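[1] Give me a model of this one.
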Amino acid sequence: MDLDAHTNNIEFNQATRSDLPYIVDVYNESIPGRMATADLEPISVGERVEWFKQHEPNHRPLLIINYDGDRAGWLSLSSFYGRPAYDETVEISIYIDNNFQHRGLGNAAVNHAEKAAARIGVKNILAFIFAHNTPSLHLFEKNGYEQWGHLPDVALMDGKQRSLNILGKRIAD
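    Numbers count the residues shown, from 1 in each chain. Prediction:
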């Protein structure tokens, strides 16, 4: 799909507390596929309130992805490892609503996240991706992310050991 033909249809807006149920719904959609999260059971809105509060527009944005005026997913930049020395490094999360898959939204989200990260003084973006999640690995690799780490067989899901790749990109010097 030619992303350029569709970028005018994509917008990113800061998430509000009223978006949290939608954010949780989209996240929970990903759990059964065992590709995007190590959660094994759906989470509740209440379980995500503290996480939501950690995302401030000028420090750690949490954005709703809109496509043709409809909410189509979300992206977040979260603090890495919770220590001050890592403040210039963030973890990226992108979750696309199942109804909006394969429309170039992931690529647009990565590009938007990099610009947002640069504006808030972030120099490194990390993506934690299961080694068997080839679509997400491909998305980040085509956007210049490289493997910075590999954690073999660190997750057990449905009786299968799963490895985790850490992809990274330096976006500013």
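
[2] can we go C-alpha only for contacts and neighbour counts from here?
    Fine.

[3] Tell me where the model's unsure across this protein.
    Along the chain, segments meeting pLDDT under 70 span 1-8.

[4] By residue count, what's the longest helix in it?
    helix 105-119 (DSSP state H).

[5] The helix or strand harbouring residue 147 pairs with which strands, parallel or anti?
    Assigned by DSSP states H and E, residue 147 belongs to strand 146-157. Note on strand 146-157: by DSSP bridges, its sheet partners are strand 160-170 (antiparallel).

[6] Any idea which residue is closest to the centre of this protein?
    residue 93 (1.5 Å; Cα atoms, centre = their mean).

[7] Please enumerate the strands of this protein.
    10-14, 62-67, 70-79, 89-96, 124-130, 146-157, 160-170 (DSSP state E).

[8] and residue 45, what is it in contact with?
    20-21, 24 (Cα atoms under 8 Å, 6 or more residues apart in numbering).

[9] Kindly reformat the residues you listed as JSON lines and extend each row with distance to residue 72.
    JSON lines is the format used below for these (distance: Cα to Cα, whole Å):
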{"residue": "20", "distance to residue 72": "14"}
{"residue": "21", "distance to residue 72": "13"}
{"residue": "24", "distance to residue 72": "13"}
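
[10] re earlier: what does the longest helix of the chain contact?
    Contacts with helix 105-119, where a contact means Cα under 8 Å, 6+ apart, come from 3, 7, 10, 61, 65, 75, 77, 92, 94, 96, 123, 125, 139-140, 143, 171-172.

[11] for it, which positions count as buried?
    105-110, 113-114, 116-117 (16 or more other Cα atoms under 10 Å).

[12] Next: stretch 70-77.
    Quick answer for stretch 70-77 (16+ other Cα under 10 Å): 71-77.

[13] Just give me the closest of the residues you listed to residue 83.
    residue 77 (15.2 Å; Cα to Cα).

[14] if we look at the sheet, which residues does that closest one bridge to?
    residue 92.

[15] Residue numbering should commence at 381 henceforth.
    All set: I'll call the first residue 381, so the last point we hit is now residue 457.
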